[in-house]
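Student: Generate coordinates for the sequence data below:
(one chain, ligands or ions: 1)
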Amino acid sequence: MTRDYPRIVVPPPGPKATAIVDRQNRWSSTSYPKEYPLAIARGERAMVEDVDGNRYLDFMAGIAVASTGYGHPRVVQAIQEAAGKFLHICGSDFYFESFAALCERLAQLAPGKSKKRVFLSNSGTEAVDGAIKLARHSTGRPAIVAFTGAFHGRTYGGLSLTASKSIQRAGFAPFLPEVYHVPYGNRYHCDFCRTEPACTMRCVSSIEDDLFAKRLDPKSVAAIFVEPIQGEGGYVVPPPGYLQALRELCDRHGILLVCDEVQCGVGRTGKMWACEHEGIEPDVLLAAKGLGSGMPIGAIVAKESIMKWQPGAHGSTFGGNPVCCAAALATLDVVERELLPNVPRLGERLLAGAKRLQDKYATIGDVRGRGLMIGIEFVKDRATHEPAPEVPHDLVERAFRKGLLLLGAGKSALRLAPPLVVDEYDVDTALRIIDECLREMTD
Ligand code: PLP
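Tutor: You can find the predicted model right below:
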């Protein structure tokens, strides 16, 4: 099958991209991390075209956001129709159908039997902040437990729970009080049982044996916030039974389990929600990113028994904007009916291809993932697992110049998170280009 991408017609950044990059760098905040000089003009499915006419295959989906790809006709039509009717009324104070429909839809899609209620936000970090408030409000307890390697956003609540890269926190203290970080279930780097033949799940039991026994009364803990698969931390899949163990721990102490599915939710892992792989029901589930296919919308989906705060306790001017609600409803339709059935098959193909690369290149220490959320970790030494951050950095740069959009994650991992519309051709093309880059780098 032939495609008109990847297609590099001028080495990026071309002249038009360079002009935009220079202009943006001159006027925008210096805090933006910026990955590489991609200046997008348009996109279609999993293809992104830059302003100089270069066409790229996108394997990062604008940081796991473009779930339905670029310009999915059903999503675009829903947005256009909604925009033609009214742009705003404020769903916190008044009513409209798509707001009601989206709350109902998300409540019914959330795992577990208990009835849910939904709060709509503009972003992932706002959903996290709202969930911190909700957890404290509904339990009357102050403390929150989160994990090292976690990323929960950039506002003060989300940032207080984030422990992914210190640059994200440097200079911003003091953070929210009563936040405690414990090690995540990261078998590849586990301080408890990395060298043992099987996982001992000490990362979970130590929360009771160490944190609760010595430093923190569990009766003062409102919630444990966990990413079912750690995103920014390096696309880390915890060991089997991890979420179930956290669920049981929370139940023993009356603590809420909050699953932050901002990056791993909305079909990315082959199920609508990543925590479904472990069959657990979180007390609160958070979504954003892929939910609106790029339109800014997030959601706090909580058990009705928990979301009982009084009118006025929490709200948002823009949260659940009508155009974003329409985009989210269309996205959920497309993901559920059209894309989700293909994700496991394509994910297995991608994972198998990444494992073949691991057999070929000693620098690949670990390959992991679920569905179309795959992490490849690079190491200096397979025995010590010492990270090799320069490898994914160089690889991402090279791939960009060959027409493949990639992104790093964590200290030395590569994340593969394409739009869910990719097919076999796209998966094979991405693997071929990564192989080419690694070959060049080892030559
Ligand atoms: N939670 C997780 C798991 C994320 O991956 C992110 C963003 O990467 C956030 C929260 C913050 O989302 P946003 O950038 O929309 O505020």
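Student: How about whatever residue of the stretch 301-443 of the chain ends up closest to the ligand: which residues does it bridge to?
Tutor: Among all residues of the stretch 301-443 of the chain, Ala409 sits closest to the ligand, at 9.6 Å; criterion: C-beta to the nearest ligand atom. C-beta here means a position set from N, CA and C on the backbone, and glycine is covered the same way. Beta bridges link Ala409 to Ala413, judged by DSSP bridges.
Student: Just the pLDDT for it.
Tutor: According to the prediction, Ala409 has pLDDT 97.
Student: same deal with the one 10 residues further on?
Tutor: Among the per-residue scores, Pro419 holds a pLDDT of 98.
Student: near the ligand, which residues of this structure?
Tutor: Residues of the chain lying close to the ligand by C-beta under 6 Å from any ligand atom are 123-125, 128, 151-153, 158, 227, 231-232, 260, 262-263, 288.
Student: Can you report how many residues neighbour the residue in the stretch 1-150 of the chain that the ligand sits nearest to?
Tutor: The nearest approach of the stretch 1-150 of the chain to the ligand comes at Gly124, 2.3 Å away (C-beta to the nearest ligand atom). Per other C-beta atoms under 10 Å, the neighbour tally for Gly124 reads 30.
Student: out of the residues of the chain next to the ligand, which are inside helices?
Tutor: Among those, DSSP state H puts Gly124, Thr125, Val128, Gly158 in helices.
Student: follow-up on the earlier one: ok, now how distant is the residue of the stretch 1-150 of the chain closest to the ligand from Gly149?
Tutor: According to C-beta to C-beta, to the nearest Å, Gly124 and Gly149 sit 16 Å apart.
Student: Is Arg398 in contact with Ile434, as I believe?
Tutor: No: in this structure, Arg398 is not within contact of Ile434 by C-beta atoms under 8 Å, at 9.3 Å.
Student: Those two: which is more packed in?
Tutor: Between Arg398 and Ile434, counting by other C-beta under 10 Å, Ile434 is the more crowded of the two (24 against 18).
Student: I'd guess that one is in a helix, am I close?
Tutor: Yes: assessed with DSSP: H, G, I helix; E, B strand; the rest coil, Ile434 lies in a helix.
Student: for it, what are its contacts?
Tutor: Residues in contact with Ile434 (C-beta atoms under 8 Å, 6 or more residues apart in numbering) are Leu357, Leu395, Ala399, Leu404, Leu406, Leu414.
Student: coming back round to it: what's the local residue count around the residue of the stretch 301-443 of the chain closest to the ligand?
Tutor: 27.
Student: okay but it is in contact with Gly231, surely?
Tutor: Yes: Ala409 is in contact with Gly231 according to C-beta under 8 Å; the separation is 6.8 Å.
Student: what comes up buried for the host helix or strand of Leu332?
Tutor: Counting by DSSP states H and E, the element that carries Leu332 is helix 322-334. Burial within helix 322-334, assessed by neighbour count using 16 or more other C-beta atoms under 10 Å, is assigned to Pro322, Val323, Cys324, Cys325, Ala326, Ala327, Ala328, Leu329, Ala330, Thr331, Leu332, Val334.
Student: helix or strand for the nearest residue to the fourth one once chain neighbours are set aside, which one?
Tutor: Across the structure, with C-beta to C-beta, 6 or more residues apart in numbering as the measure, the residue nearest Cys325 apart from its sequence neighbours is Ser98 (3.8 Å). With elements delineated by DSSP H and E, Ser98 resides in helix 97-109, which encompasses its position.
Student: helices or strands next to that helix in the packing?
Tutor: For helix 97-109, the packing partners by 3 or more C-beta pairs under 8 Å, 6 or more residues apart in numbering; DSSP states H and E come out as strand 116-121, strand 298-303, helix 322-334.
Student: quick one: the strands in the stretch 1-150 of the chain?
Tutor: 40-44, 47-50, 55-58, 116-121, 143-147 (DSSP state E, counting those that start in this stretch).
Student: Can you dump the C-alpha atoms of the fourth one in CSV for me?
Tutor: Below are the C-alpha coordinates for strand 116-121, written out as CSV (Å, rounded to 0.1, in the frame of the first residue of the first chain):
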residue,chain,number,x,y,z
LYS,A,116,-21.4,8.0,39.2
ARG,A,117,-21.6,11.8,38.9
VAL,A,118,-19.4,14.0,36.7
PHE,A,119,-17.6,17.4,36.9
LEU,A,120,-16.3,18.8,33.7
SER,A,121,-13.1,20.8,33.6
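Student: Average the pLDDT values over that strand and round to the nearest integer.
Tutor: 98.
Student: hang on, the earlier thing: check which element follows the helix holding Leu332 along the chain.
Tutor: helix 343-360.
Student: Packing partners of that following helix?
Tutor: Using 3+ C-beta pairs under 8 Å, 6+ apart as the test, helix 343-360 ends up in contact with strand 364-370, strand 373-381, helix 424-442.
Student: at 10 Å what do you get?
Tutor: strand 364-370, strand 373-381, strand 413-416, helix 424-442 (3 or more C-beta pairs under 10 Å, 6 or more residues apart in numbering; DSSP states H and E).
Student: quick one, what contacts the closest residue to Gln168 other than its chain neighbours?
Tutor: Sequence neighbours aside, Thr162 is the residue nearest to Gln168 in space, at 5.9 Å (criterion: C-beta to C-beta, 6+ apart). Counting by C-beta atoms under 10 Å, 6 or more residues apart in numbering, Thr162 touches 125, 128, 146, 149-154, 168-169, 175, 179, 181, 232-233.
Student: State the pLDDT value of Arg194.
Tutor: 85.
Student: Nearest residue to the middle of the chain?
Tutor: Gln263 (1.5 Å; C-alpha atoms, centre = their mean).
Student: isn't it right up against Ala288?
Tutor: Yes: contact criterion C-beta atoms under 10 Å: Gln263 and Ala288 qualify, at 8.6 Å.
Student: any shared contact partners between the two?
Tutor: Residues touching both Gln263 and Ala288 by C-beta under 10 Å, 6+ apart: Val65, Gly124.
Student: What is the neighbour count of the residue lying closest to the residue nearest to the centre of the chain once chain neighbours are set aside?
Tutor: Using C-beta to C-beta, 6+ apart and skipping the chain neighbours, the partner closest in space to Gln263 is Gly231 (3.4 Å). Counted with other C-beta under 10 Å, the neighbours of Gly231 add up to 30.
Student: quick one: contacts for Gly231?
Tutor: By C-beta under 10 Å, 6+ apart, Gly231 lies in contact with 63-64, 124, 149-152, 164, 260-264, 268, 289, 373, 375, 409-410, 415, 417.
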